[in-house]
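Asker: with the sequence up front, the predicted model follows.
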Amino acid sequence: MRIAVTGSIATDHLMVFQGRFADSLVVEQLDRLALSFLVDDLEIRRGGIGANIAFGLGVLGERPLLIGAVGQDFAEYRSWLERHNVDCSGVRVSQLRHTARFICTTDSDQAQIATFYAGAMSEAREIELAPLMAHEPFDLVVISPNDPEGMLRHTEEARYRGVPFAADPSQQLAWADGPLIRSLVDGAAYLFSNEYEAALIAQKTGWDDEEILARVGVRVITHGKDPVRIEQAGAETVHVPVVPARTVADPTGVGDAFRAGFLAGLAWGLPLERCAQVGCLLATHVLETVGTQEYRFDRSPALDRFRAAYGEEAAAEVAAHLSVAVEA
């Protein structure tokens with residue numbers, strides 16, 4: 001199964017300030033704000049939703065095609081992704097802009113001051129899907145948060161060419177209006193969201209649950225530590241519990257890992273319940289690790305955890321596919 005993942009590709013620059021931002025704010029002078037904070041640490045991490053999903057698929061032994069736009073500073077990141085089974089031949093390199101960047105400082109109260117530079121991501125709208133599948137068609141295109149015009153273009157092209165697509169608008173839902181969301185969702189083979197995003201989709205499109213299910217093939221809704229819900233028109237709802245976490249290190253990228261595991265299950269021909277279980281397994285690995293692509297996935301311990309969470313029969317069904325998984 002050839003899966004193409006469209007979406008953001010970015011680097012995260014994360015800093016920690018040991019004081020409190022609030023102590024440096026003078027309410028009467030906020031219109032003249034000019035502040036500088038001395039930080040103790042800087043971590044540069046690989047990120048971007050499209051890249052995170054593709055990385056997870058690669059870790060599980062798949063070879064997804066990543067589609068997005070980056071700057072000429074992408075060389076080291078490209079090497080990392082390719083070493084983890086990601087095909088980067090669909091990545092456009094901008095001649096003018098840097099790779100998207102998220103720059104964030106967190107204080108001792110966990111308050112944050114952040115800036116997002118879209119940079120080369122804005123050129124995703126220039127990418128045409130047809131040339132990328134000229135020699136080998138896509139079985140599924142994942143359309144995750146990216147340049148809005150790029151998301152719309154990829155959705156419309158997938159629809160036009162009859163390629164099944166998975167809609168994952170997530171972070172773009174807050175600002176997007178109803179017509180755009182309807183365009184991104186209508187006709188999707190799979191629709192991914194968390195519980196809050198599901199409510200936003202309903203509110204902004206004006207579609208109730210029944211109408212949404214009539215317009216998509218499968219709807220997958222995550223609920224944090226509570227069970228994942230899988231819905232289809234005319235079918236009984238499936239609830240899949242999460243894999244218990246041993247520790248909670250960083251929730252960033254957990255949803256991306258879930259999608260990667262779910263999509264890997266689809267590629268392996270597993271039923272939807274198993275797909276969600278694989279997604280939950282990978283999501284827990286990310287939850288227990290600082291960074292979206294820093295987790296280790298070792299086959300035997302992973303299978304033991306999968307078996308403990310879902311039983312021997314489920315583990316046996318997944319085991320043959322995990323035999324080709326690679327270590328992150």
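Answerer: Looks like it arrived, so ask away.
Asker: how about the helices in the stretch 1-150 of the chain?
Answerer: For the stretch 1-150 of the chain, the helices defined by DSSP state H, counting those that start in this stretch cover 49-59, 75-83, 148-161.
Asker: of those, which approaches H321 most closely?
Answerer: Ranking the helices of the stretch 1-150 of the chain by proximity to H321 (CB to CB) places helix 49-59 first, at 12.2 Å. All C-beta spots, glycine's among them, are computed from the backbone N, C-alpha and C.
Asker: just give me how far that closest one sits from the chain centre.
Answerer: From the chain centre to the centre of helix 49-59 is a distance of 7 Å (CA atoms, centre = their mean, to the nearest Å).
Asker: mean confidence (pLDDT) on that helix, please.
Answerer: For helix 49-59, mean pLDDT rounds to 97.
Asker: what's the answer for stretch 5-24, then?
Answerer: Rounded mean pLDDT across stretch 5-24 is 90.
Asker: out of the helices of the stretch 1-150 of the chain, which is the most enclosed?
Answerer: helix 49-59 (a mean of 30; mean count of other CB atoms under 10 Å).
Asker: give me the helices and strands touching it, please.
Answerer: strand 3-6, strand 65-70, helix 75-83, helix 254-267 (3 or more CB pairs under 8 Å, 6 or more residues apart in numbering; DSSP states H and E).
Asker: thinking again about what came up before, right, and the helices of the stretch 1-150 of the chain - which one's nearest G178?
Answerer: helix 148-161 (13.8 Å).
Asker: give me the mean pLDDT for that closest one.
Answerer: The model assigns helix 148-161 a mean pLDDT of 97.
Asker: just checking, what packs against that helix?
Answerer: strand 3-6, strand 140-143, strand 165-167, helix 178-185.
Asker: can you list the residues that contact the first one?
Answerer: Surrounding strand 3-6, the residues in contact under the criterion CB atoms under 8 Å, 6 or more residues apart in numbering are 50, 53-54, 57, 62, 64-68, 90, 124, 127, 129, 132-133, 138-144, 146, 150-151, 154, 263, 267.
Asker: again with the longest one
Answerer: Surrounding helix 178-185, the residues in contact under the criterion CB under 8 Å, 6+ apart are 143, 148, 151-152, 155-156, 167, 169, 173, 176, 191, 201, 204-207, 212, 215-216.
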